[in-house]
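[1] okay, here's the prediction I keep looking at, along with the sequence it came from:
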Amino acid sequence: MENNRPSWTSRCSFILAAVGSAVGLGNIWRFPYIMGQNGGAVFLLIYLCLILTLCFIPLVAELAFGKFTKKECIGAYESVNPKFKFLGMLNPLTGILISSFYFVVGGWIINYILINFSFSQITDFSGYFSDFIQNSYAVCVYTLLFLFLCIFFTARGIKKGIEFANNILMPLFAVIMVCLISFSLTLPNAYLGLEYMFKPDFSKINGQMFLAALGQALFTLSIGMGALLTYGSYIKDDKGITKSAYTIILSDTFFALMAGIMIFPAIFSFGLEPNSGAGLVFVTLPYIFAQIPNGNIVSAAFFILLLAAAITSGISILEVDVAAFSERLKISRKKACTMLFGIISLIAIPASLSFGVLKDFTLLNKTIFDFLDFITSSFLMPLNAFVLCIIAGWFLHIKGILFTRSKFLGWLFDIGLKFVVPAIMLCLLYVGLK
Ligand code: PHE
């Protein structure tokens, strides 16, 4: 079975796919609004410190875990000790839960691409957004459409599906981003947005910012649900893990910064507030697009960019489950994808209705959508990252395999993997669940 496992065509394809997984709604939708809610430049500084140092450790551990075991998540944990099988199962479970709310947002994006044809008729974007997310029929159809798009690529396999999608969508994403940044930076008073991003006001610092930054860093790097473990398991033996990890971190950080540079100058140029939360991309930006000449073209470009990023991440979330289902149950990828389509629809449809007919149905005082976001970002992802570090550090002893040249770096990495990151994940869990 293991010998029949697919592998990446080249190191470049692997990096592109891993960056495609990392760069997604987390960078363009979530990062600007979390930064906007947490005081701008100080948050960015904390975020950069965390993502460039601490997050390297679980990222390397997850890739290495996959690469060395050459198995999907459940098999990878099982191969360390059969008793750890259930720990591995948490990953595909997290994948199903994340996809169930992530794909709802994917559906919103498809709608926003389509409304560009009737863009000029909309005057009140806040009202439009709240009407749209309450429209049961529309949100269900678009969620399923987005799910179908991602499943379509995943079902075609590693080379013909995942690599193909990333090879087309990631360059498209980069080109559209460059165009939008040049546009945003030439708006009047664009410098105010840059000042907001890069001029820290240290009086605003608080503990909550560290947690928000760390949660965002885990989410954006796709750490803690097995996506990188699964992608890592398709690496051929001669590929360097630590170098790849840094490339992934630097690219993801670069794209998050670029998303900020694309969005904040436009917001400040129009005298709007950057702290409007999750609606920033769906309410504030369309309002700006409507004010500028040919705004519908800029808007279409922006939402196509967002869709491209969301699909490449969505594919990586699905791959965790497709690999687990097909390899464990010994069924074809296509069958695994069909099963997954059914399972995810069952959760994603109620999640998509959270703002409309099911808005009064709550779990832990949260709508289904918010509950899925909370349970995955505040509980399952930090828990999986904790388990991953413990198993990789204490049972797999990966430092010995990874850091053969520098003893000091190996030692530093080992301390981080065995003690520092697990302790921080426990804090994140504690605060998240409090
Ligand atoms: N990193 C992706 C993003 O930024 C989301 C994601 C989370 C993808 C977990 C895979 C696994 O949008």
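    The structure has been received and is ready for your questions. This one's a predicted model, so the numbers in the text were calculated from it and none came from an experiment.
[2] for the rest of this, base every contact and every neighbour count on C-alpha atoms.
    Fine.
[3] report the helix or strand with the lowest average pLDDT across the chain.
    helix 398-402 (a mean of 76; mean pLDDT, DSSP states H and E).
[4] contacting residues for residue 73?
    For residue 73, the contacting residues are 66, 88-89, 91-92, 226, 229-230, 320, 324, taking Cα atoms under 8 Å, 6 or more residues apart in numbering as the criterion.
[5] mind checking the longest helix of this protein?
    Ranked by residue count, the top helix of the chain under DSSP state H comes out as helix 295-329.
[6] quick check: buried residues in that one?
    Within helix 295-329, the residues that qualify as buried by neighbour count (16 or more other Cα atoms under 10 Å) are 295-296, 298-327.
[7] so which of the residues you listed reach the ligand?
    When Cα under 6 Å from any ligand atom is applied, the members of the buried residues of helix 295-329 adjacent to the ligand are 313, 316-317.
[8] I'd say residue 226 and residue 320 touch.
    Yes: in this structure residue 226 lies within contact range of residue 320 using Cα atoms under 8 Å: 6.1 Å.
[9] give the residues shared as contacts by these two.
    What both residue 226 and residue 320 touch, as defined by Cα under 8 Å, 6+ apart, is the set 73, 91-92, 95.
[10] show me what from the stretch 1-150 of the chain comes close to the ligand.
    On the criterion Cα under 6 Å from any ligand atom, the ligand has as its neighbours in the stretch 1-150 of the chain the residues 21-27.
[11] will you turn the residues you listed into a markdown table that also has neighbour count?
    Listed next are those as a markdown table, based on neighbours: other Cα atoms under 10 Å:
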| residue | neighbour count |
| --- | --- |
| 21 | 27 |
| 22 | 31 |
| 23 | 31 |
| 24 | 29 |
| 25 | 22 |
| 26 | 25 |
| 27 | 28 |
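[12] check the offset of stretch 303-313 from the chain's centre.
    11 Å (Cα atoms, centre = their mean, to the nearest Å).
[13] repeat for stretch 265-277
    With Cα atoms, centre = their mean as the basis, the mean position of stretch 265-277 lies at 24 Å from the chain mean.
[14] where are the low-confidence patches of the stretch 251-400 of the chain?
    Screening the stretch 251-400 of the chain residue by residue with the criterion pLDDT under 70, one finds no matching range.
[15] do the same with the stretch 1-150 of the chain
    Using pLDDT under 70, the flagged stretches of the stretch 1-150 of the chain are 1-3.
[16] what do you get if the cut-off is 90, keeping everything else the same?
    Segments of the stretch 1-150 of the chain classed as low confidence (criterion: pLDDT under 90) are 1-5, 33, 37, 39, 116-126.
[17] tell me where it has helices.
    All helices of the stretch 1-150 of the chain, identified by DSSP state H, counting those that start in this stretch, fall at 11-22, 25, 31-37, 41-52, 56-69, 73-80, 85-114, 125-134, 136-155.
[18] and of the ones next to the ligand among the buried residues of helix 295-329, the nearest to residue 270?
    Relative to residue 270, the closest of these is residue 313; by Cα to Cα it sits at 31.1 Å.
[19] and the closest one, what does it touch?
    20-24.
[20] quick one on the thing from earlier: most neighbours, which of the contacts of residue 73?
    residue 226 (33 neighbours; other Cα atoms under 10 Å).
[21] burial count for residue 387?
    Using other Cα under 10 Å: residue 387 sits among 19 other residues.
[22] next one: residue 100
    A total of 27 residues lie near residue 100 under the criterion other Cα under 10 Å.
[23] chain neighbours aside, what residue packs nearest to it?
    If you skip the residues right next to it in sequence, residue 100 has residue 348 as its closest partner in space, 4.2 Å away by Cα to Cα, 6 or more residues apart in numbering.
[24] repeat that for residue 404.
    Residue nearest to residue 404 in three dimensions, not counting chain neighbours: residue 410, with 7.6 Å by Cα to Cα, 6+ apart.
[25] give me phi/psi at the one you found?
    Recorded main-chain torsions at residue 410 are phi -60, psi -40, according to degrees, to the nearest 10.
[26] ok, back up a step: can I get the helices of the stretch 1-150 of the chain in CSV with distance to residue 168?
    Conversion of the helices of the stretch 1-150 of the chain to CSV gives the following (distance: least, Cα to Cα, whole Å):
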stretch, distance to residue 168
helix 11-22, 10
helix 25, 18
helix 31-37, 24
helix 41-52, 27
helix 56-69, 24
helix 73-80, 27
helix 85-114, 18
helix 125-134, 30
helix 136-155, 12
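[27] who wins for proximity to residue 196 among the ones you listed?
    With Cα to Cα as the yardstick, what comes closest out of these is helix 41-52 (6.1 Å).
[28] now for the closest one, which elements pack on it?
    In terms of contacts (3 or more Cα pairs under 8 Å, 6 or more residues apart in numbering; DSSP states H and E), helix 41-52 is packed against helix 31-37, helix 190-198, helix 207-220, helix 241-269.
[29] and the last one, what does it pack against?
    Under the contact definition 3+ Cα pairs under 8 Å, 6+ apart, helix 241-269 sits against helix 11-22, helix 31-37, helix 41-52, helix 56-69, helix 164-185, helix 190-198, helix 285-291.
[30] show me which residues of the stretch 201-350 of the chain are close to the ligand?
    Taking Cα under 6 Å from any ligand atom as the criterion, the contact residues of the stretch 201-350 of the chain with the ligand come out as 219-222, 225, 227, 313, 316-317.
[31] mind putting those residues into JSON lines with distance to residue 108?
    Putting those into JSON lines (distance: Cα to Cα, whole Å) gives the following:
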{"residue": "219", "distance to residue 108": "20"}
{"residue": "220", "distance to residue 108": "20"}
{"residue": "221", "distance to residue 108": "23"}
{"residue": "222", "distance to residue 108": "21"}
{"residue": "225", "distance to residue 108": "24"}
{"residue": "227", "distance to residue 108": "23"}
{"residue": "313", "distance to residue 108": "16"}
{"residue": "316", "distance to residue 108": "20"}
{"residue": "317", "distance to residue 108": "18"}
